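Q: no letters, just coordinates:
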């Protein structure tokens, strides 16, 4: 049902933001549909590779990276003993060396989760060769100072009605 409620304006805004620079931050209150927007955007756009990282909770982002690097990228030297700093540095280097990717960091609850405090290494590359889309309740100024910031508002009454009808029809 969520896919029936399109947010064409925000999709256009994301496209425009990514044309201006490599990163867009979607922010707004809980329950506004930020995750739905990034999911819809990632599905509708063609990227060579899409890396999806959940950041909803302590340690979730590092665990997402560990799974991506070990299972999807087949990097044998990534294991549970890899530190957050090692994961961030390695993943960032991979993003700087390859192109055509979309990195989605969904549900950032604490901007500090995107930085390893001990080494001050950030996950976000300085010169990315792909696009970065972040959903959060915060603005992420510290991590992505040049990112386009887009506030995600609640559904319009019309969009809400479409969603309610879809749920009633069990679509």
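A: Ah, there it is. These numbers come from a predicted model, not from an experiment. Residues are numbered from 1 along each chain as shown.
Q: CA only for contacts and neighbour counts going forward, please
A: Fine.
Q: run the chain-centre distance for stretch 88-106.
A: Taking C-alpha atoms, centre = their mean, to the nearest Å, one finds stretch 88-106 lying 12 Å from the centre of the chain it belongs to.
Q: same check on stretch 26-37?
A: With C-alpha atoms, centre = their mean, you get 11 Å for stretch 26-37.
Q: tell me which residues in that stretch are buried?
A: Within stretch 26-37, the residues scored as buried using 16 or more other C-alpha atoms under 10 Å are 26, 27, 28, 32, 33, 34, 35, 36, 37.
Q: quick check: mean pLDDT of that stretch?
A: Stretch 26-37 shows a mean pLDDT of 88.
Q: quick one, strands of the chain?
A: 23-27, 49-54, 101-108, 115-116, 121-122, 131-136, 148-151 (DSSP state E).
Q: weakest of those strands in terms of mean pLDDT?
A: Of all these, mean pLDDT reaches its minimum on strand 115-116 (a mean of 62).
Q: okay, now the residue nearest to residue 57 when sequence neighbours are not counted: neighbour count?
A: Using C-alpha to C-alpha, 6 or more residues apart in numbering and skipping the chain neighbours, the partner closest in space to residue 57 is residue 109 (6.7 Å). Residues lying near residue 109 (other C-alpha atoms under 10 Å) number 16.
Q: next one: residue 94
A: Residue 94: 16 surrounding residues under other C-alpha under 10 Å.
Q: so how far is residue 130 from it?
A: 11 Å (C-alpha to C-alpha, to the nearest Å).
Q: next: residue 38.
A: With C-alpha to C-alpha as the criterion, residue 38 and residue 130 are 16 Å apart.
Q: now the helices for this protein?
A: Using DSSP state H, the helices of the chain run over 8-20, 34-44, 60-67, 84-97, 157-169.
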